[in-house]
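**Q** From the sequence below, what's the structure:
(one chain, ligands or ions: 1)
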Amino acid sequence: MNLQGKTILITGASRGIGRAIALKLAQAGGNIAFTYLGSNQVEIEETENTLLKLGTKVKGFYSDASDFSSTEQVINDVIQTFGSLDVLINNAGITRDNLLLRMRETDWDTVLNVNLKSAFNTVKASIKTFLKQRSGSIINISSVVGIRGNAGQANYAASKAGMIGFTKSIALELGSRNIRANVIAPGFIATDMTDHLTEALQETWEKTIPLNRVGLPEDVANCALFLASDASSYITGQVIQVDGGLLT
Ligand code: NAP
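**A** Below is the predicted model:
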């Protein structure tokens, strides 16, 4: 699964799953462009330097994934800096959890914009490049919650379910041009996003996972490497759960 000479753009790769994907794909020889928003310059330089040590081209771009014009600018900058765009990974995501009764309109709008509209933004801004080169792999990071739903996460689950419908639709639209689109649906993965949950809740999740452990960002990164590479060249429109069997 060699990514030598390929340019990969990952949204939100300063931490967690996005960062693990950046490392894994750089180890496979890919050139890495990534976006960030809240991370500070020191954190970004640390990520860039770690990746540069692997011998590939790397650049972090400050950009709000939910903003269309900022995303369009980033895609143009990536193509100018790296000369191509081969793999697009929509990873940026947030939660604003609450029961629907208490959920504010802004909690709904913010989560839908960052988690779902962001995928529209990147795909829309890069589609002409993919069409011209007649190749491309789009990987959207959804969640098992987008398949099953989750009490207290109506906004998040809706955004992640929307991502699945979006991905399947573009897989149908773009397949004839050799552009693939797939979803990774992680289960419970140990990152900042899950770190704030109470220990009791984390233990409850862990007990229900058939493989008997929480997932690591690297588990998701391994799947992303497969979908980014030519090893998955006959796979499109699919949802791959990386959840230790949680939804089985
Ligand atoms: P995380 O540790 O909280 O990291 C989130 C990343 O998204 C950060 O790099 C953050 O960058 C970036 N981000 C957030 N809002 C952004 C915006 N508006 N524009 C650009 N970047 C933005 O979360 P994670 O656990 O790694 O999650 C990564 C993805 O996996 C998310 O889509 C999440 O929904 C999904 N997922 C996670 C789990 C899990 O259990 N952890 C399970 C299923 C799915 P800054 O810090 O620079 O803002």
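
**Q** Three-state assignment for the residue with the largest distance to the centre of the chain, please.
**A** If you look at how far each residue of the chain sits from its centre, by C-alpha atoms, centre = their mean, the farthest one is L101, at 29.2 Å. Classification of L101 by DSSP: H, G, I helix; E, B strand; the rest coil places it in helix.

**Q** and the helix or strand harbouring D109, how far out from the chain's middle?
**A** Under DSSP states H and E, the secondary-structure element containing D109 is helix 105-112. Per C-alpha atoms, centre = their mean, to the nearest Å, the displacement of helix 105-112 from the mean C-alpha position of its chain is 19 Å.

**Q** what's that helix packed up against?
**A** On a contact count with 3 or more C-beta pairs under 8 Å, 6 or more residues apart in numbering; DSSP states H and E, helix 105-112 meets helix 154-174. In this view, the C-beta of every residue, glycine as well, is placed from N, C-alpha and C.

**Q** What residues does the residue farthest from the centre of the chain make contact with?
**A** With contacts taken as C-beta atoms under 8 Å, 6 or more residues apart in numbering, L101 has no neighbouring residues.

**Q** how much space is there between it and the ligand?
**A** When C-beta to the nearest ligand atom, to the nearest Å is the yardstick, L101 and the ligand sit 23 Å from each other.

**Q** Please work out how many residues are found near A92.
**A** As a burial measure, the neighbour count of A92 was computed by other C-beta atoms under 10 Å and equals 25.

**Q** pretty sure it is touching A119, no?
**A** No. Counting by C-beta atoms under 8 Å, A119 is not a contact partner of A92; they are 9.2 Å apart.

**Q** Least confident secondary structure element in the chain?
**A** For the chain, the helix or strand with the lowest mean confidence is helix 199-207, at a mean of 84 (criterion: mean pLDDT, DSSP states H and E).

**Q** Off-centre distance for that helix?
**A** 24 Å.

**Q** contacts for it?
**A** Under the criterion C-beta under 8 Å, 6+ apart, external residues in contact with helix 199-207 comprise F188, T194, L197, N212, R213, V214.
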